[in-house]
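In: Predicted structure and sequence below. I'll ask about it afterward.
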Amino acid sequence: MSDPIQKPSNQPAQTTPPKPVSLNEPMDRRSFIKWSVIGWGAFVAVLGGYGAMIMRYLFPNVLFEPKQSFLAGYPDEYTIGEVSERFKDKHGAWIVRDTEKIYVLATFCTHLGCTPNWMGNENKFKCPCHGSGFYKTGINFEGPAPRPLERYKITLTDDGEIFIDKTKKFQQEKGEWSDPESYLSV
Amino acid sequence: MESLKAIINAACAPEIMFTAILLVFFFLFPPNDWFYKASKKLGLNKLWTKNGGIGIFVVMILFFAFGLSDDNFRLIVIKPDNVPIVGLLFLVVFFLWLSLKQAWENDKRIEEGKPPAEADDAKEKVLVWPDLVYIELIALVVISALLLVWAIGLGAPLEEPANPTVSPNPSKAPWYFLGLQEMLVYFDPWIAGVVFPTVIILGFMAIPFLDNNPKGCGYYSVKDRKMAVSIFLFFWLVLWIFLISTGTFLRGPNWNFFGPFEYWDPHKLVALTNLNLSELIYMIILKRPLPENIFLREAGGFIVMGIYFGLIPLILAKTFLKDVYQRLGPVRYSIFIVFLLLAISLPIKMYLRWGFNIKYIIAIPEFFFNI
Amino acid sequence: MSEGNNKFLENFKKTQLYRAIFRTGGAPISTHKQRILVTLNNVFLHLHPIRLPKHAVKVKYTWCMGGLSFFVFLVLTITGILLMFYYRPTVEYAYGDIIDLSEQVPLGLMREIHRWGAHLMVITVWLHMFRVFMTGSYKPPREFNWMVGVILLVLTMLMSFTGYLLPWDQLAIWAITVGSNMAGATPLLGASGPGASLLAIGDVNFVHAASDARFAMLGGRFVGEGALLRFYVLHCIGLPFVIMIFMIVHFWRVRKDGGISGPT
């Protein structure tokens, strides 16, 4: 490769000042690619870093939300075949007892999270927002809800009280309702 | 009187009203030459004249006056948050009339070989001060006065304090999103709430690039851009304003449908038992249980989707939309047809629901993937 | 009386103060040139061109809807600032403050004007879009400005949506619950959207109720304290900031693209 800006040959070499960086000086392809990759790479990395920082900032480490578990009294407080609305307002859960077990249904419609109403006469849960209907078991049978209501983990404490943990959910369509923690045999 | 109300109630059922609108729509807003001529022959363009406008408004006012004598109707219409939508209805009809009146007048001028009315006006130049500034001032004063009167006359609604455990019945989104909420009846949230809004926004933004007809810029006209006007009005009037009005006025407790004069009974029983396409194919037609494998189970749905988005655009490009394809070229045509098919999928899904109780074409609740 | 007034005005127009404020000075505006100068010398009026084709000032052509949208936006800004004096965005106070706004503040109409103004702005923006379509004004060279307009339309509706939560009544919380659960159904990014369960290694889900698109919007797993604060900040600062930027571009491009559309 020849350098087009050549020093005149009659000038003594030792007196030449250090060659100034000239914008006119052509850059060879290799270093051009190298420096553009480094430059743009750094630019994108900084932007991406800022973006990631802002995204992460939206998710705090600590949430000041109500406790996710509660005690729900003793099994014999619930009548067979009835839907108890005792903890609907406070904890968002229906406690249902049928002939052999007790299970807890989350009060969130699987469509868009409205709170369905228990309609005793018609024996179903009916969501006021878009009309989804669920049987007493939580299985969806009408309206737009794509899947059954979720069930919460239910266990007995050492002194025989019902303990409900809302952090663990069981979904019927994933076959989780056979999990022994999703119901309480009585 | 009561029988008239019963007739109106029945006619307002979504399947009947929507079908009626579809039948009339393309004659009112012709998408091509054939409909344009038919529209003229039927005299429908007379609606967009002074007398036609008066007629439309007399009918609308009579309907509302008649309706206000009914308790159930009054209850819905006078509800403070619904008042803007009544206003919107009148405004949309008025401006629709205003634009189409000028459009049909211009069409006539163009047929006679004259330039549109705007071109005559445009020859004369006026100064911003004072010719425009005083119009602006009047508009500002009028709108301020209107807002003030509205604010004094109608208190802003405030319901009971928020209670996360009791959903009011019915629970409605803000009125401008009720079109989306109406779609939620027919589609899963990820489609109605995410995909469709995105597609609507992108589709609107794509309009200038898909409509490459150079005519019809800067003046009202139907004749010069029939198809563009017709498609836009279909979205704007039917899939936007009509769905919003339905969601506002005709959806009651449990999101059941109620006629305008019907009592909102929270215990109204409506059978909403739906089935998926896979269930229809396997359990009803083939009379066997659903296969275990998800892809085998939903194969029918995937084939339907493949035909809808893969085959139909090709067929249309060779037949009905041949001209469009030639004008737009392959890239623009593909974008155009995808947007169009997505939009048309809404009415198709509505009819599948009304006619066959189909819930999902493809139903994979295991992955929340339902179409 | 009127003569005296006129004299006073005439004299006032000769003062140094008047000339300092109005660049055109006190001369009566009667000639063509002076009328042009009025527009040119005023920062607010110079958004306009100096002269227009006649069809562009006719209400039956423009419907005034674009200008009215901007005006209603200004009304909303003013009433919104006034509302902020009394409103505290916490679950504890929000509802009570809204009641106090109409009951304890003399002439407490601000909330009414703000709310109806918000509805009105949505309507005027829609009608503006309708008019622009019907006159074919999105055609070249105005394609980009149409796109900016669509973004402004979306922002207008987002402004209205975020404002809907602030009264913290039943209407608010359930409208936002339904709306935000749609965000939770975003493909891949929402915990109850398609594909989210594919983004998992073994039993560890990366997209769950406390790490999805809905959470980023609400600042919590349900509509509560975090959501109220986030929506308040977006409503009062975040979205207005964005909408202003797009409005500046929108107005500037109206001028640059040749003013109001017209037949060529």
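Out: Right, received. Where do you want to start?

In: Pull the distance from stretch B:337-347 to the chain's centre.
Out: Once both centres are worked out by Cα atoms, centre = their mean, to the nearest Å, stretch B:337-347 turns out to sit 13 Å from its chain's centre.

In: Show residues contacting that stretch.
Out: Contacts of stretch B:337-347 with the rest of the structure, by Cβ atoms under 8 Å, 6 or more residues apart in numbering or on different chains, involve B:18, B:22, B:183, B:186-187, B:196, B:199, B:202-203, B:206, B:210, B:231, B:235, B:239, B:308-309, B:312-313, B:316-317, B:321. Bear in mind the C-beta positions are built from the backbone N, C-alpha and C, glycine included.

In: And the strands in the stretch 1-150 of chain C?
Out: For the stretch 1-150 of chain C, the strands identified by DSSP state E, counting those that start in this stretch occupy C:51-53, in order along the chain.

In: Over to the stretch 51-200 of chain B?
Out: With DSSP E, counting those that start in this stretch applied, the stretch 51-200 of chain B shows strands at B:125-127, listed in chain order.

In: I'd like to know which residues of it are adjacent to chain A.
Out: When proximity is defined as Cβ under 8 Å from any Cβ of the partner chain, the stretch 51-200 of chain B approaches chain A at B:163-171, B:181, B:184-186, B:188-189, B:193.

In: Which ones among those residues map onto helices?
Out: Assignment to helices by DSSP state H places the following of those there: B:181, B:189.

In: Quick check: the farthest pair among the residues of the stretch 51-200 of chain B next to chain A?
Out: For those, the farthest-apart pair by Cβ to Cβ is B:Asn163 and B:Tyr186; their separation is 29.4 Å.

In: Which one's more surrounded, these two?
Out: Under the neighbour definition other Cβ atoms under 10 Å in any protein chain shown, B:Asn163 and B:Tyr186 were set side by side, and B:Tyr186 has more, 21 against 15.

In: Just give the nearest non-adjacent residue to that one, would you?
Out: Closest residue to B:Tyr186 in three dimensions, ignoring its sequence neighbours and counting by Cβ to Cβ, 6 or more residues apart in numbering or on different chains: B:Lys349, at 4.6 Å.

In: Tell me if I am right that the one you found is in a strand.
Out: No - B:Lys349 sits outside any strand when classified using DSSP: H, G, I helix; E, B strand; the rest coil, being helix.

In: Report the mean confidence score over stretch B:138-147.
Out: In this model, stretch B:138-147 carries a mean pLDDT of 95.

In: Can you give the distance from it to the centre of its chain?
Out: For stretch B:138-147 - counting by Cα atoms, centre = their mean - the centre lies 30 Å from the chain centre.

In: what does stretch B:125-135 give?
Out: 37 Å.

In: repeat for stretch B:257-269
Out: For stretch B:257-269, the separation from the chain centroid amounts to 23 Å (computed by Cα atoms, centre = their mean).

In: now swap in stretch B:336-343 and tell me
Out: For stretch B:336-343 - counting by Cα atoms, centre = their mean - the centre lies 15 Å from the chain centre.

In: So for it, what gets flagged as buried?
Out: B:336-337, B:339-340, B:342-343 (16 or more other Cβ atoms under 10 Å in any protein chain shown).

In: got the contact list for the longest strand along chain A?
Out: Counting residues, the longest strand found in chain A (DSSP state E) is strand A:162-170. In this structure, residues lying in contact with strand A:162-170 by Cβ under 8 Å, 6+ apart are A:68-75, A:87, A:91-93, A:95, A:102, A:104, A:106, A:150-157, A:176-177, A:179, A:181-182, A:184.

In: Which strands border that strand, and is each parallel or antiparallel?
Out: Based on DSSP bridges, the pairing partners of strand A:162-170 within the sheet are strand A:69-71 (antiparallel), strand A:151-156 (antiparallel).

In: How far off centre is that strand?
Out: Between the mean C-alpha position of strand A:162-170 and that of its chain there is a distance of 18 Å (Cα atoms, centre = their mean).

In: Give the buried residues for that strand.
Out: Buried residues in strand A:162-170, counted by 16+ other Cβ under 10 Å: A:162, A:164, A:166, A:168, A:170.

In: how far away is the last one from A:Glu181?
Out: Between A:Phe170 and A:Glu181 the computed distance is 8 Å (Cβ to Cβ, to the nearest Å).

In: Overlap in contacts, those two.
Out: Any residue near both A:Phe170 and A:Glu181 by Cβ under 8 Å, 6+ apart counts here, and that gives A:Lys153.

In: Pick out the residue closest to the middle of chain A.
Out: Geometric centre of chain A, nearest residue: A:Phe59, 10.8 Å, by Cα atoms, centre = their mean.

In: May I ask you to confirm that it belongs to a helix?
Out: No - the assignment for A:Phe59 by three-state DSSP gives coil, which leaves it out of any helix.

In: okay, stretch B:32-40 in PDB with CA atoms only?
Out: Listed next in PDB are the C-alpha coordinates belonging to stretch B:32-40 (Å, rounded to 0.1, in the frame of the first residue of the first chain):
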ATOM      1  CA  ASN B  32     -66.600   0.000  -6.700                       C
ATOM      2  CA  ASP B  33     -68.300   1.200  -9.900                       C
ATOM      3  CA  TRP B  34     -71.100  -1.400  -9.700                       C
ATOM      4  CA  PHE B  35     -72.100  -0.300  -6.200                       C
ATOM      5  CA  TYR B  36     -71.600   3.300  -7.100                       C
ATOM      6  CA  LYS B  37     -74.100   3.000  -9.900                       C
ATOM      7  CA  ALA B  38     -76.500   1.000  -7.800                       C
ATOM      8  CA  SER B  39     -76.300   3.600  -5.100                       C
ATOM      9  CA  LYS B  40     -77.200   6.300  -7.600                       C
END
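
In: Noted, bye for now.
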